[in-house]
Each structure stands twice: as structure tokens, then as C-alpha cells.
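Peer 1: Sequence first, then the predicted structure, then my questions.
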2 protein chains.
Amino acid sequence: MKCVVCRGPAIIDVRRANANFCTDHFTKYCRDQTARAIHEFDMLDPADRVLVAVSGGKDSLAVWDILIGLGYQADGLYVGLGIGEYSDTSGNHARAFAEARGLHLIEVDLPTEYGYDIPTGARAARRAPCSACGTSKRHVFDASALEGGYDVLVTGHNLDDEAAVLFGNVLRWQTEYLARQMPVLAARNGFPKKVKPLVRLSERETAAYCIMSGIDYLVDECPMSAGNRHLGYKDALNTIELQSPGTKADFYSGFLRRASQLFRSAHHDLGPGTDELTHCERCGAPSTSELCAFCRLVDKATAATSNSGDEAQPVTLRPRSHAPRTAGERTNTEAEARP
Amino acid sequence: MKCVVCRGPAIIDVRRANANFCTDHFTKYCRDQTARAIHEFDMLDPADRVLVAVSGGKDSLAVWDILIGLGYQADGLYVGLGIGEYSDTSGNHARAFAEARGLHLIEVDLPTEYGYDIPTGARAARRAPCSACGTSKRHVFDASALEGGYDVLVTGHNLDDEAAVLFGNVLRWQTEYLARQMPVLAARNGFPKKVKPLVRLSERETAAYCIMSGIDYLVDECPMSAGNRHLGYKDALNTIELQSPGTKADFYSGFLRRASQLFRSAHHDLGPGTDELTHCERCGAPSTSELCAFCRLVDKATAATSNSGDEAQPVTLRPRSHAPRTAGERTNTEAEARP
């Protein structure tokens, strides 16, 4: 097996590209694919101040590493979710990565800053853990990016993530979500610009990138994600990919090229002004009701913590003063929720 | 386990309907679902002369049985494909079903009437067997329905078939095929009206219907369909259905209700007159070229038979005199191709 570029010994095959690579040319391939996605979707400007949401897993550390390698000025943001040992370990991986490279890592710990953890919050709100986690992370991501004056928020969603979300949206023909499933969301009233530079790389490829680049990432899946529907969608797509390499990439890129616009056209009436939106009374985030989804979650979660006899952590909700977002944007962020 | 209707002992559960049924009420459920599809999509008129394409398998015999039970005047059409013992057995099942009920079965044997069989035709045309088979069956279905003066051609495509085809079209975002994947195709220049009354019933349900109704159908899958992509798509959807019963039905019905129109709107420019179409010089079927796809297949297949030293069967191509069909219809029938 020879590297398709230098004919040296290859150590990985990328079946959908019908190519084998040595270490150097595989990491170059990953950087090139990322640069191509950034260029194709106009994700980043060289002068942008970038905030990368990092979990300590392969995708977020890979994208941070690649962005730094491509010359971007990128800080990290780690959100402590309070999921026992899993969170402790994931935080350590994120911190070690940043320290070793002299990068700046912002940390926001939910239990310390908001008085609840994801297991408690999900139980109290009677929601699936991934749903409560998504609401929490989106709030902290948005708030941190805006407060820190960052131009763009980067997340590590890879091709497998996006294809699985797309599959879920298609299985239920959630046309509003389909209208908004894009690798770039422009900044709008109350929301930072958000981009997903890894949409051209598969899960296997980001893992291989980390291994070859000496990045020590947290391998374990989140213990609360068991039974998550998207894991089932990933399995289904992987089975088909095995038989027909390239299916997953064609599914996602074909959607963006040939179908996405149809759904956007159908939902153009959901643009700004259609719905009556306001700010959350407490935190200032755009919201359809007096309290935003995040503040309602915090209320339920901290009430549960108080009732259980545990000492509640002090709740420090920092007001934001942004113009209202639109109904479209709300659905947008919901559609983004990942396992 | 009790029947949801009569509280007597149930013998089958329909998880997506969250219901158990006894024999009588399950067969009634199957008839009701079929009647509902016929009504919902305006498939059949009580006075219609109906031609049912029967293979001897569970779906086509179930739909013929149900249509007769619902009072329709329905004859059968069996196409002999020359796939060895499989074809012999399937023909016997179709004949036995018709004879036992005093129904009229038209038979068209490809080797006798056109001088080739599917294995030879596929090899000669260098096409997948399911592709050559689809071209052959569609031609015979269309010609027989028109020559016999039938108002509608019925096929036994069930929910699993349609969901798998939809999944395949979505995976590649074949928006033209998506624009035309409907359970009813209106009659147009050179094509009979075609309908799929079983789209509300799953494969498991049509099999159970046959067993409970004493219909002796051919259980074996076609030996040439191994490796067919649609079987993989069915497996993938079944795995998801197991976890979330109802997903398959929601996927298909949601498409028809919420997405189908978007694709049709996008392809309205592909209506009649866009393309220069003519009739096949030999058989008269609508075609984009001098010879239609079927006649070209016959030419290759019979040339191969002659070259191999076997005695070629006499070729009896019956001219048809229909106005040209449109490009849209052509793609339509291609999109219908089933495993």
C-alpha cells in the first residue's frame, strides 16, 4: 500500500477518495479538506478572531489544531458539564492540549457558574440528556463568543455528524430544519457567526488525524448518549458506506448542492419579523418567551438541586443585551443539536 | 395479547399502529389500509378495468386478492423472465392463485415471445440484472395494459419498497426522481395509468395477509437480486424501524405530504414539450431515440443468444401507435425500478 502522493509506505486508506496516504500526506489531506470547506462556504477570514468549542474529543481538538496550523488566531472554549468522571477527563484533555501549545482556553463550568449539572438538569426538566446538554452548550457558546468579542464560533461537527443529523431531518421531513442545516450560520441579532470546518472529514479521519498528530484526545463516548437516535443513524449510514464508499459524502454534499435551496425557498417566509420575538428577561438572549429555554432549564435544574438537600451553587446569569433573534434562528440552533 | 377490535386472541402485533389483531381483523385492517390508499390518491374508479402485474410473490398476490375482495374487476398479468427454476415456480404460484379463484391471468413469456431471458439480456447489455429486468417488465406491463384496453395497471409495491426507493433517491438527492416518486402516475401519451395500492402496508404485513388468507406465494427472493442496493436500504430502514416503530411510514408519508411538492415545483420545466421525443421505430413505444431502451435490450440479448450457438427464439415485436411520451415520464418509470 503506497501513498498516492509520494509513493512512500501508506498507513491509511481513504476508500471514498480511492487513495492511500502516508502520515505526512494524510495530515496534509485533512488540512486541505478543512481549508477547502472554509473557502467553499466562506467560513473564516484570515483576520477573524476565532473561538473553538472544545470538548477534549477528537473532532474539536483536531479542528483547533488544524486552524492553528492554517494560521488562524483561535482560542478555545471548554464547557464543564458535570457529567462525573467523563467531564473531569474531557477537561483534562482540553487543558493539556492548550497548555502544550500555549493556546488560550476559556473555561465555563456549569455546576460552578450556573448551579447544576447535565444529569440533574435533564432529570429535572424531564428531557433527554442530549437535549438538555445541547441547550446548555448553545447558550454558553453564544454568550462566550459575544462577550469575548469573537468574530466566529467554530464547532467540530464532522461529516458523520452532519450526515446523521441530515438523515434524521429527512426521515421526519422536518423541512424547516432542512432549510437551515448549513455548515455556516451567519451572525444575526443576538447570535454569533457559527461554522463547521470539518464537514469534509469523516469521524475515522479526524481520529486518525489526532493519532498521527500526537493529539491525546478523550476516546470514550459520553456515557449519557447511549440510545441517542443519531448514533443509530450513524450506524445505518456506516453500513451503507461500507458497501458503497462515498455514499455519506455524496448524501451530505448533494443535499447542499441540489436540495438545500428548495427547502430554504419554501421557508423564506420564516425570516426576520414573521414571529414576535423578544429578549429573555433574565439573561438578555433572544427568546420567544419571557424566559429563554436556557434560563427555564436552569430554574428547573437548580430547584431540583435545592429540593434534593444539596447545597445549590451560586447562580451567576450574566445579562446580554442583544436584539431579538428570529424564529428561524431558533429552529436553526435546535436543528444543530448533536448527540 | 388481545385483538384491539374484538378483544379475542390476537395473532399479530402491528407495532407502528400500536395494535394487535386477530386473523379476521388483521385482514380487514389490510383491506382498509388498501382502500384508504386508493381513496387518498384517487387510484381507482369502481368501474375501472384493472390489470394487476403478478409475480407469484406475496405483494402482487395480496393486492390482487384485496382488489377482488373490494369489488374491483381485476385481471392478472404474469411475465415469464426465464430465470430458471425461480421463474418456473413463480409462474406456478400465479397460475394456481388465478385458477383457484376463477380469475383471468394473461401470460407473456420473454424467451418465447422476445427470444431472450433476463440472465442473458443482462449479460449481453452489460447491465445489472435488476436493471434489465425492470426495462423488460415495464415494456410488457405498458404494452399489455394498453393492448388489453385496461384503465389502470396495478403493481404490488409495498411501504418497504417505496421507502427503500425513496431512501436511495434521497441518498443521492436525485431530485428529478424525487419529483416523480408518487403512488399514482396518471395516464399519458403512450403510458397507462399506474398505481400502487399497497403503499400503506409493510412487507411483513403483506406476508401475514397472504398466510392468513391461505394464499400460497413464492417465498424466495429472486436469485439475481443478491447485492441489489435496495436490499441494503431496506435493512438500514428496518434497523431504525426496530428502535422507533413507525419511522418508515412517517418517512414515506411525510415525503408525500411535505416534500414531494417542492421537488415537483423545481422540475416543472421538465413537462411535455421540453424534450424532443418520438416513438420507437420498431415497437411504437415512446422513446428519446430511434429504438427504445427495450428494443435495444432485445437486440443485444438476441444477438448474444445467436452468437452463443443457441437457437434464437422468434422475435415478435408488436408495433404500438401512441403519441410520444415526455422526458418526465421516462424518468418516472426509471425511478420506479424496484429490486
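Peer 2: That came through fine.
Peer 1: in which helix or strand would I find the residue nearest to A:Val63 when sequence neighbours are not counted?
Peer 2: Leaving aside its sequence neighbours, A:Val63 sits nearest to A:Gly156 (Cβ to Cβ, 6 or more residues apart in numbering or on different chains; 4.6 Å). (C-beta placed from N, C-alpha, C; glycine too.) Of the helices and strands defined by DSSP states H and E, none includes A:Gly156.
Peer 1: For the stretch 101-250 of chain A, give me the ranges with low pLDDT.
Peer 2: Within the stretch 101-250 of chain A, no range satisfies pLDDT under 70.
Peer 1: Enumerate the residues of the stretch 51-200 of chain A near chain B.
Peer 2: Applying Cβ under 8 Å from any Cβ of the partner chain, we find that the stretch 51-200 of chain A lies next to chain B at A:Val170, A:Leu171, A:Arg172, A:Trp173, A:Thr175.
Peer 1: Hmm, A:Gly156 and A:Phe141 touching each other?
Peer 2: No: applying Cβ atoms under 8 Å, one finds A:Phe141 not in contact with A:Gly156, separated by 11.9 Å.
Peer 1: list the residues that contact both of the two?
Peer 2: A:Ala53 (Cβ atoms under 8 Å, 6 or more residues apart in numbering or on different chains).
Peer 1: Tell me which residue lies nearest the centroid of chain A.
Peer 2: Most central in chain A under Cα atoms, centre = their mean is A:Thr155, positioned 4.0 Å from the mean C-alpha point.
Peer 1: Would you mind measuring from it to chain B?
Peer 2: Distance of A:Thr155 to chain B, given as Cβ to the nearest Cβ, to the nearest Å: 24 Å.
Peer 1: these two touch, right, that residue and A:Pro192?
Peer 2: No: judged on Cβ under 8 Å, A:Thr155 makes no contact with A:Pro192 at a distance of 11.3 Å.
Peer 1: hang on, A:Cys3 packs against A:Lys28?
Peer 2: No: using Cβ under 8 Å, A:Cys3 makes no contact with A:Lys28, being 10.5 Å away.
Peer 1: before we move on, the earlier item: spit out the residues that contact A:Thr155 and A:Pro192 alike.
Peer 2: A:Phe141.
Peer 1: All the helices of the stretch 1-150 of chain A, in order from the start?
Peer 2: For the stretch 1-150 of chain A, applying DSSP state H, counting those that start in this stretch gives helices covering A:23-40, A:58-69, A:84-101, A:110-114, A:118-125, A:129-147.
Peer 1: Columns mean neighbour count and distance to B:Gly134 on top of the ones you listed, output as JSON lines?
Peer 2: Listed next are the helices of the stretch 1-150 of chain A as JSON lines, based on neighbours: other Cβ atoms under 10 Å in any protein chain shown; distance: least, Cβ to Cβ, whole Å:
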{"stretch": "helix A:23-40", "mean neighbour count": "18", "distance to B:Gly134": "37"}
{"stretch": "helix A:58-69", "mean neighbour count": "24", "distance to B:Gly134": "42"}
{"stretch": "helix A:84-101", "mean neighbour count": "17", "distance to B:Gly134": "51"}
{"stretch": "helix A:110-114", "mean neighbour count": "20", "distance to B:Gly134": "56"}
{"stretch": "helix A:118-125", "mean neighbour count": "21", "distance to B:Gly134": "49"}
{"stretch": "helix A:129-147", "mean neighbour count": "22", "distance to B:Gly134": "42"}
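Peer 1: and those helices as CSV, adding distance to B:Ile215?
Peer 2: Shown next, in CSV, are the helices of the stretch 1-150 of chain A (distance: least, Cβ to Cβ, whole Å):
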stretch, distance to B:Ile215
helix A:23-40, 54
helix A:58-69, 53
helix A:84-101, 55
helix A:110-114, 60
helix A:118-125, 50
helix A:129-147, 46
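Peer 1: Now do the buried residues in stretch A:210-224.
Peer 2: Residues of stretch A:210-224 classed as buried: A:Cys210, A:Met212, A:Ser213, A:Ile215, A:Tyr217, A:Leu218, A:Cys222, A:Met224 (neighbour count, 16 or more other Cβ atoms under 10 Å in any protein chain shown).
Peer 1: residues in contact with that stretch?
Peer 2: A:11, A:23, A:26-27, A:55-58, A:61-62, A:65, A:83-84, A:86, A:89-90, A:93, A:96-97, A:118-119, A:122, A:129-130, A:133, A:207, A:209, A:339.
Peer 1: now stretch A:239-256
Peer 2: Here stretch A:239-256 has contacts from A:15-16, A:18, A:159-160, A:162-163, A:166-167, A:178, A:181-183, A:199-200, A:202, A:237-238, B:170-173, B:229, B:232-233, B:235-236, B:239, using Cβ under 8 Å, 6+ apart.
Peer 1: Buried residues, that stretch. List them.
Peer 2: For stretch A:239-256, by 16+ other Cβ under 10 Å, it's A:Ile240, A:Glu241, A:Thr247, A:Lys248, A:Ala249, A:Asp250, A:Phe251, A:Tyr252, A:Ser253, A:Gly254, A:Phe255, A:Leu256.
Peer 1: A:Lys28 and chain B, how far apart?
Peer 2: 30 Å.
Peer 1: Could I get the contacting residues of that residue?
Peer 2: A:Val5.
Peer 1: go again using 10 Å as the cut-off
Peer 2: A:Val5, A:Phe21, A:Cys22, A:Gly69 (Cβ atoms under 10 Å, 6 or more residues apart in numbering or on different chains).
Peer 1: what about the closest residue to chain B within the stretch 101-250 of chain A, how many residues close to it?
Peer 2: Here the residue of the stretch 101-250 of chain A nearest chain B is A:Trp173; by Cβ to the nearest Cβ that distance is 3.7 Å. A:Trp173 has 22 neighbours, counted by other Cβ atoms under 10 Å in any protein chain shown.
Peer 1: pretty sure A:Pro46 contacts A:His39?
Peer 2: No: using Cβ atoms under 10 Å as the test, A:Pro46 is too far from A:His39 to be in contact (11.4 Å).
Peer 1: and A:Asn238, what does it touch?
Peer 2: Contacts of A:Asn238 (Cβ under 10 Å, 6+ apart): A:Asp160, A:Ala163, A:Ala164, A:Ser202, A:Glu203, A:Arg204, A:Thr247, A:Lys248, B:Ala236.
Peer 1: Excluding chain neighbours, give the residue nearest to the third one in space.
Peer 2: Among residues not flanking A:Ala164 along the chain, A:Tyr233 sits closest, at 4.2 Å (Cβ to Cβ, 6+ apart).
Peer 1: Could you do the fifth one as well?
Peer 2: Counting by Cβ to Cβ, 6+ apart, the nearest residue to A:Glu203 once its immediate chain neighbours are dropped is A:Asp160, at 4.2 Å.
Peer 1: How about the residues of the stretch 201-339 of chain A by chain B?
Peer 2: A:227, A:229, A:231-233, A:235-240, A:242-244, A:247-248, A:250-263, A:265-266 (Cβ under 10 Å from any Cβ of the partner chain).
Peer 1: Out of those, list just those in helices.
Peer 2: A:229, A:231-233, A:235-240, A:242-243, A:247-248, A:250-254, A:260-263, A:265-266 (DSSP state H).
Peer 1: OK, contacts around A:Ser136?
Peer 2: A:79, A:81-82, A:108, A:110, A:114, A:116-118, A:121-122, A:293-294, A:297-298, A:301.
Peer 1: can you do 7 Å?
Peer 2: By Cβ atoms under 7 Å, 6 or more residues apart in numbering or on different chains, the residues touching A:Ser136 are A:Leu110, A:Ile118, A:Gly121, A:Phe294, A:Leu297.
Peer 1: Which pair of those residues spans the longest distance?
Peer 2: A:Ile118 and A:Phe294 (12.8 Å; Cβ to Cβ).
Peer 1: tell me the phi and psi of A:Ala47?
Peer 2: phi -90, psi 0 (degrees, to the nearest 10).
Peer 1: likewise A:Val4?
Peer 2: According to degrees, to the nearest 10, A:Val4 has phi -70, psi -20.
Peer 1: Find me the pLDDT at it, would you?
Peer 2: For A:Val4, the pLDDT comes out at 97.
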